[in-house]
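Sequence plus the predicted model coming up.
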Amino acid sequence: MNKKTLFYAICLIIFSFGFADAQTESIVPILNLQVKGLMGGVENGKFVNAKTTVGKLSSETKYKIFEPYATSIVDMIFTKPVNSMDVCDDFYGFGEKDFAKTENSKGVAIGANASWNAMPRQPKKIALTDIKYKKATADALQTKGIFTKTIKLTQVFRIDLEGDGTEEVVITATSYPSGVYSSAKKNDYSFVLLRKVVNGKARNIIVTGDFITKKIDFGAPGEYEVSAIADLNGDGKMELVIYCQYYEGNWVETYEMKGGKLSSVKILDVACGV
């Protein structure tokens, strides 16, 4: 092989490796820091599941962290998620190193190769003592057969989810005294509520939750909270990422606004438990 042929061969090899890397990075992965696993990803503006996403990731990927109340964005490098649990064969979790460094973290991590601004609008924190939103919560509970004077708000955000100039209010409320147990008493609750203006009037939309209308001695009541509010796929609209834990596991659900209506993004739902 002469020098000229050798030169072209080396260039071809370099080009091939470069092309492989570019293909690997064409997908934007999305991790959830609370469930400690891969939610899925985005490719060409469309959501793809975790199995497809993990197959296109490098051994290490740089991410940007988005938390509900955070005012700054943090960069972090994570190793490739792995499927190592017998009880969760579709769950791709963090390795030991990544698990440890995100032990008390919340929010989502979006691949730093995303070409869009995942936080086009910043959620605004509202006081948990706000009487108007306590009443809205009580009204929503009554539609589920729960009548109580004890309303415990745990998160309240004001945010324009659709980018249409009209802000929604996202509320989480939980009555459990402390932690999550297998039992619950009558009138216990934990849920996420969306307050949206429809035709000039505020409307309550229950996103997801558990409503205990009779005592549970052994069950799986969940405790819900907003894990993140971010534009996950670059369409200018912000998705709601809801985290729930129960006494033997946890999961993540994702919701998006479409045409003024809230719909579930099943592809990005993640669960692991028994």
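Sure, I can see it.

could you pull out the strands for the stretch 1-150 of the chain?
28-32, 37-43, 46-48, 60-66, 74-79, 108-111, 124-125 (DSSP state E, counting those that start in this stretch).

center of this structure - which residue?
Val241 (3.0 Å; Cα atoms, centre = their mean).

quick one on the thing from earlier: got a markdown table for the strands of the stretch 1-150 of the chain, with distance to Val87, mean neighbour count and mean pLDDT too?
The C-beta positions use only the backbone N, C-alpha and C, and glycine is treated the same way. What follows is these, written out as a markdown table (distance: least, Cβ to Cβ, whole Å; neighbours: other Cβ atoms under 10 Å; pLDDT from 0 to 100):
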| stretch | distance to Val87 | mean neighbour count | mean pLDDT |
| --- | --- | --- | --- |
| strand 28-32 | 18 | 28 | 98 |
| strand 37-43 | 13 | 25 | 97 |
| strand 46-48 | 24 | 17 | 97 |
| strand 60-66 | 26 | 18 | 96 |
| strand 74-79 | 22 | 15 | 94 |
| strand 108-111 | 24 | 26 | 97 |
| strand 124-125 | 37 | 12 | 94 |
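
Out of those, which gets nearest to Leu161?
strand 124-125 (12.6 Å; Cβ to Cβ).

Tell me which other helices or strands the closest one touches.
Packing contacts for strand 124-125, counted by 3 or more Cβ pairs under 8 Å, 6 or more residues apart in numbering; DSSP states H and E, involve strand 153-159.

Can you tell me what sits against the strand it packs on?
Residues from elsewhere that reach strand 153-159 (Cβ atoms under 8 Å, 6 or more residues apart in numbering): 68, 121-130, 133-134, 137, 167-174, 225-226, 229, 238.

Now do the buried residues in that strand.
Leu153, Thr154, Gln155, Val156, Phe157, Ile159 (16 or more other Cβ atoms under 10 Å).

now those in TSV, with pLDDT and distance to Asn199?
Shown next, in TSV, are the buried residues of strand 153-159 (pLDDT from 0 to 100; distance: Cβ to Cβ, whole Å):
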residue	pLDDT	distance to Asn199
Leu153	98	26
Thr154	97	30
Gln155	97	27
Val156	97	23
Phe157	95	23
Ile159	96	20
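
for the residues you listed, which one is nearest Tyr246?
For these, the nearest to Tyr246 is Thr154 (16.2 Å; Cβ to Cβ).

buried stuff in stretch 172-188?
Thr172, Ala173, Thr174, Ser175, Tyr176, Val180, Tyr181, Ala184, Asn187, Asp188.

the strands in the stretch 151-274 of the chain, which residues?
Remark: strands assigned in the stretch 151-274 of the chain by DSSP E, counting those that start in this stretch are 153-159, 168-174, 189-198, 201-211, 223-230, 239-246, 249-258, 261-264, 270-273.

in its sheet, what does the fourth one sit against?
Looking back up the chat, that one is strand 201-211. strand 189-198 (antiparallel) (DSSP bridges).
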